[in-house]
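Colleague: What follows is a predicted protein model with its sequence.
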Amino acid sequence: MTIEAPDLSLAALAPLLFVFGAACIGVLVEAFGPRESRHPVQVAVALVGTLGGLVATLLLSGTREVTAGGALAVDGAGLFLQATIAALGALSLLLFAERNLDPARSAFVVAAAVPAGSVRDRELLTVPRVQTEVYPLATFAIGGMMLFVTANDLLVMFVALEVLSLPLYLICGLARRRRLLSQEAAVKYFLLGAFASAFFLYGLALVYGATGSVRLSEVRESVSGDGSGILAVLGLALLIVGLLFKASVAPFHTWTPDVYQGAPTPVTAFMAACTKVAAFGAILRLLYVGFGTEEWTWRPLIYGVAIVSMVVGAVLGLTQTDLKRMLAYSSVAHAGFLLTGVLGYPSGGDPDGSGLPAVMFYLVAYGLTTLGAFAVLTLVRSGDGEATHLSQWAGLAQRSPLTAAVMSLFLLALAGIPLTSGFTGKFAVFRAAIEDGAWPLVLVAVLTSAVAAFFYLRVIVLMYFSEPAADGPTVGVPGMPTTVVLAVTAAATLVLGIVPGAVLGLADQAAIFVG
Amino acid sequence: MSDSLLLVAMLVVPAVGAAVVAALPRERTALARQLALGVSLVVLLLAVLATVAFDPDGDRFQLTTSVPWIESFGVDFALGVDGIALVMLLLIGVLVPVVVLASWDDKAPARRSMRTFFAWLLLLEACMVGVFAATDVFLFYVFFEAMLVPMYFIVGSFGGPRRQYAAVKFFLYSLVGGLVMLAAVIGLYVVSEAAGDGTFAFESLRQLEIDPAAQRLLFLGFFVAFAIKAPLVPLHTWLPDAGAEAPIGGAVLLVGVLDKVGTFGFLRYCLPLFPDASREFAPLVLVLAVAGILYAALLAMGQTDMKRLVSYTSIAHFGFIALGVFAFTTEAATGAVLYMVNHGIATGLLFLVVGMLIARGGSRLVGDYGGVASAAPKLAGVFLIAGLASLALPGTNSFVSEFLVLVGSFPTRPVFTVLATVGIILAALYVLILYQRTMHGPQRGVLFPAADEPAGDAVPTSGGAHGATATLTAPAPAPARTTSRLRDLSRREMAVVAPLVALVIALGVYPQPLIRLIEPAVAATMSDVGADPAGTSPTPEGTD
């Protein structure tokens, strides 16, 4: 008996190899590297890995192939999203590496295994030692996400889902301050995430049962040939639930505010930006490639979930008094806006539906903006921790005009005001939806945008029009890494608003799924 | 074409000016305001040059520029003006330097700098120019929304005691309208895509034949945004708040120019793009317009706060403009456009004078003033001129436009016109009551503390004192003796009001040059909407 080796195009896998390679080297460094030099080395390894992955995706642009025995589809959309994840991941790693803001030099706990509040924990709180496990963990998560968006096979997709999730569960619990909150967030995320994974797995099994394959292209042939039976539809629904959970789409969003609030802010930034991109990448691939011919099976579901998500995100966002929770609900609302774009699928004979490039552009724009907004949150501190309560931000513009101006830019972008990237993104997804005839959905979307704008504006009102509180927070002076992140994200927010042509064009060209 | 750069320059000069002013150090307020004045005068000069270069009998859009902007959306950066947009640019050109001069000595609230105010003002000017000069619907939308940001900061940072509330209310109302319009803008694009080439260019969109059901939806999308902006009656409640809480300079631009974007939008976008829907919805709009005229006038009479009162008068005036636009005669619509300009001048002047009075007394309440005329005759004189212009007395600019609107509307909409005429009487009432209460009668109120209460009771007699009711805006000037507390208009203030007073009278006597600019554009719009183009001699000696 001979076993045929699957075809494997190493070139097409290069981005993944870079990132996973860096993660493995990170583990080795963690085990064998001397403690004093570990931090710079880990940061360097992680950055080289992600940036190497980014460069590799750029070099691969134009590739359209299915490789690794049909398990991976390296195509325009996949590479575009991989590049986005790698870039956003590298920026998040820079936030992780910031050492100037926290008096104890890092946002991460020194020894996560020490019980919170114990004597040893209090001793460690002021030790300037830094913990570096977080870099290989985050690199693994980035690799998992990059695998997720190119997975052409439901099993690979599931493996990627786990590879990206498990490190995330861990690093959510690593906050140096308010450790109990952070650990609670990690447990919550893990439990609910495990449920979501189980849903996904069950859906996978049902789809396999119905179609006899886990390969997306074969699933499509099967459902379009024989019609999709109840099994396949049920399986699809469960798969979507698993993915919507990761994308924090309401009603599967309940973990989002708690985890966003409890996790260390750089990790929150990482999750808000990168996980969203990865989850939507997988949703798009599953729906467009696997069930593209059977649009009726998912269209009503996505339609309804989009409305729920926009309304829940916007309305509950109004009631929040904590900035991190507010941004979490904003992320739920934005997930709804993204889903309106997902509906702009090229249906029937119309081959150039603008949904895919619109969602891809939106993900870039939203990822950069939200990453920037969380980066600003790390600057504003009171006592030892971050000042995330709304009232603490009163009069911030008078303490630090630059911080307030940058934050306002991000908030205006999240609200979708023209000349910021948020507007361009919204325009693109709304256009895709209207072209597809979904104008009632767009009407709901614009009204919820207005509601959401209220809570973004409230922060601007506080920063600019309120008198500062007497014992208000201080604005830390960021070191090089955070400065770079803020500069890049703010510049991108403006550039993608004023001259978005290049990136839009790139998304248009890249918007191709193979497989 | 060298002419075509004029509009670009009108956009770039204030935008760059804003950046320069914002970059000045905090303490350099004096330099900031000089720069702002200089920049705004340059824009005025450019507007005049544009008017000279404009040929009323030429193409519909002139001074055009167009470069591709976002190709994958089919968006061009396209500028150009017709007569209607041109007169609005002139209005902007005149009002902004006046506002800069009027805000010259204003003190910024604690820990804020007037430098920032002037920077926002210039940015606002750039956005206002853009919104009127855009000939690409997407570009128009961008400026329409972007315009909110500077105004939001002007109201929120430099306004009265309830500025936070007013600023947010203003922003959200406009944003809701704007977002609904966004859906319609995209819808328009999709319709044009279905008909061939997807485009946002106004001239191409105008030639589309859109089916009636789609027209209705798209019309409503645009209409809601413009009706909030203009504002028409059920959607007007943000204006009295924003108008009352905005600093005077902001209030002048808010009602003088920003709100005109709404009525301008009716004429430029609703009518030509959706002619069938416009005709269908015209009765509804007219009901709102006439309701606004009467309702807002009644509310104006009941106001105790002068700035709110002036804001309500504006809502009534917007009713007249909407009536003129939706009467579908060239005469009425020409009157409406002229009204847009004249209202900017007359109400701007009224706001400025009221602001000067408030700056002296420190209170916005009508009841806190009385007998000002005898102590400050110049102030009272300008107040009277502004008031009379506002109630459209013959000889003032507003008369011409109001008359044209009514005369032009009567043949097609007699009932609405007759009802609207009642508004003129109400206007006379609210203006004259305001004038009489504050300017005539015995000297009393915050400016004359000795007259109606024992000296030293409510008001300390020596320097730095605040009047008893001076809690609302500026600190009252320190009284040396009770009566000399009231200064008449200073030389700077005379310079502020002089150009507007001159325009009130000049345009009241000889409006022909403006009508000449406006009329061809209006006639073209009316032929788009398929209205009877008969009434083509818009002179006050028409029918009747």
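Modeller: That came through, no problem.

Colleague: What are the neighbouring residues in contact with residue A:158?
Modeller: Under the criterion of CB atoms under 8 Å, 6 or more residues apart in numbering or on different chains, the neighbours of residue A:158 are A:197, A:200-201, A:204. Backbone N, C-alpha and C define where each C-beta goes, glycine included.

Colleague: Helix or strand: which one has it?
Modeller: Assessed by DSSP states H and E, residue A:158 sits inside helix A:154-172.

Colleague: now swap in residue B:392 and tell me
Modeller: Per DSSP H and E, there is no helix or strand for residue B:392.

Colleague: correct me, but it touches residue B:425?
Modeller: No - using CB atoms under 8 Å, residue B:392 makes no contact with residue B:425, being 11.0 Å away.

Colleague: Of those two, which one has the most company?
Modeller: More crowded of residue B:392 and residue B:425, by other CB atoms under 10 Å in any protein chain shown: residue B:392, with 29 against 10.

Colleague: Need the CA coordinates for the helix or strand residue A:81 falls within. PDB is fine.
Modeller: If you go by DSSP H and E, residue A:81 is part of helix A:76-96. Extracted as PDB, the C-alpha positions of helix A:76-96 are listed here (Å, rounded to 0.1, in the frame of the first residue of the first chain):
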ATOM      1  CA  GLY A  76      -6.700  36.900  -3.100                       C
ATOM      2  CA  ALA A  77      -9.100  37.300  -0.300                       C
ATOM      3  CA  GLY A  78      -7.200  34.900   1.900                       C
ATOM      4  CA  LEU A  79      -3.900  36.700   1.400                       C
ATOM      5  CA  PHE A  80      -5.500  40.100   1.900                       C
ATOM      6  CA  LEU A  81      -6.900  39.000   5.200                       C
ATOM      7  CA  GLN A  82      -3.700  37.300   6.200                       C
ATOM      8  CA  ALA A  83      -1.800  40.500   5.500                       C
ATOM      9  CA  THR A  84      -4.300  42.400   7.500                       C
ATOM     10  CA  ILE A  85      -4.000  40.000  10.400                       C
ATOM     11  CA  ALA A  86      -0.200  40.000  10.300                       C
ATOM     12  CA  ALA A  87      -0.100  43.800  10.200                       C
ATOM     13  CA  LEU A  88      -2.600  44.300  13.000                       C
ATOM     14  CA  GLY A  89      -0.900  41.500  14.900                       C
ATOM     15  CA  ALA A  90       2.500  43.200  14.700                       C
ATOM     16  CA  LEU A  91       0.900  46.500  15.900                       C
ATOM     17  CA  SER A  92      -0.700  44.600  18.800                       C
ATOM     18  CA  LEU A  93       2.600  43.100  19.700                       C
ATOM     19  CA  LEU A  94       4.100  46.500  19.900                       C
ATOM     20  CA  LEU A  95       1.400  47.400  22.400                       C
ATOM     21  CA  PHE A  96       2.400  44.300  24.400                       C
END
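
Colleague: Okay, angle between that helix and helix A:154-172 too, please.
Modeller: 10 degrees (axes from the mean of the first three to the mean of the last three CA atoms, to 10 degrees).

Colleague: Now the element after helix A:76-96, going C-ward?
Modeller: helix A:119-125.

Colleague: So for that following helix, what gets flagged as buried?
Modeller: Neighbour-count burial for helix A:119-125 flags residue A:124 (criterion: 16 or more other CB atoms under 10 Å in any protein chain shown).

Colleague: Restrict it to CA atoms and write it as PDB.
Modeller: The C-alpha coordinates for helix A:119-125 follow below in PDB (Å, rounded to 0.1, in the frame of the first residue of the first chain):
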ATOM      1  CA  VAL A 119       1.500  37.800  49.800                       C
ATOM      2  CA  ARG A 120       3.700  36.600  47.000                       C
ATOM      3  CA  ASP A 121       1.400  38.300  44.500                       C
ATOM      4  CA  ARG A 122       1.700  41.600  46.300                       C
ATOM      5  CA  GLU A 123       5.500  41.300  46.400                       C
ATOM      6  CA  LEU A 124       5.600  40.500  42.700                       C
ATOM      7  CA  LEU A 125       3.300  43.500  41.900                       C
END
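
Colleague: nearest spatial neighbour of residue A:455, skipping sequence neighbours?
Modeller: For residue A:455, ignoring the flanking residues on the chain, the nearest one in space by CB to CB, 6 or more residues apart in numbering or on different chains is residue A:317 at 4.9 Å.

Colleague: mind checking which helix or strand the one you found is in?
Modeller: Here residue A:317, judged by DSSP H and E, is contained in helix A:295-318.

Colleague: Next SSE downstream of that helix?
Modeller: helix A:323-342.

Colleague: Check which element follows that following helix along the chain.
Modeller: Next along from helix A:323-342, by DSSP H and E: helix A:355-379.

Colleague: can you give me how far that following helix is from the chain middle?
Modeller: Distance, stretch centre to chain centre, for helix A:355-379: 8 Å (CA atoms, centre = their mean, to the nearest Å).

Colleague: Look up how far chain A lies from residue B:272.
Modeller: 22 Å (CB to the nearest CB, to the nearest Å).

Colleague: related to what we said a few turns ago, next, the angle from whichever helix or strand comes after the helix holding residue A:158 to helix A:154-172.
Modeller: If you walk from helix A:154-172 toward the C-terminus, the next helix or strand you reach (DSSP H and E) is helix A:179-211. Interaxial angle, helix A:179-211 versus helix A:154-172 (the same axes, to 10 degrees): 180 degrees.

Colleague: on contacts alone, who are the packing partners of helix A:179-211?
Modeller: Applying 3 or more CB pairs under 8 Å, 6 or more residues apart in numbering or on different chains; DSSP states H and E, we find helix A:179-211 packed against helix A:154-172, helix A:216-226, helix A:230-246, helix A:255-262.

Colleague: can we see that at 6 Å?
Modeller: With contacts defined as 3 or more CB pairs under 6 Å, 6 or more residues apart in numbering or on different chains; DSSP states H and E, the packing partners of helix A:179-211 are helix A:154-172, helix A:230-246, helix A:255-262.

Colleague: can you pull the buried residues of it?
Modeller: Here helix A:179-211 shows A:179, A:181-186, A:188-190, A:192-193, A:196-197, A:199-204, A:206-208, A:210-211 as buried, counting by 16+ other CB under 10 Å.

Colleague: Check stretch A:438-453 too.
Modeller: A:438-439, A:441-453.

Colleague: near chain B, which of those residues show up?
Modeller: Checking the buried residues of stretch A:438-453 against chain B by CB under 6 Å from any CB of the partner chain, the ones in range are A:442-443, A:446, A:449-450, A:453.

Colleague: Okay, and which of those residues map to helices?
Modeller: Judged by DSSP state H, those include A:442-443, A:446, A:449-450, A:453 as members of helices.

Colleague: Relative to residue B:163, how far out is the residue lying closest to residue B:162 once chain neighbours are set aside?
Modeller: Nearest non-adjacent residue to residue B:162, counting by CB to CB, 6+ apart: residue B:245, 5.3 Å away. Using CB to CB, to the nearest Å, one gets 5 Å for the distance from residue B:245 to residue B:163.
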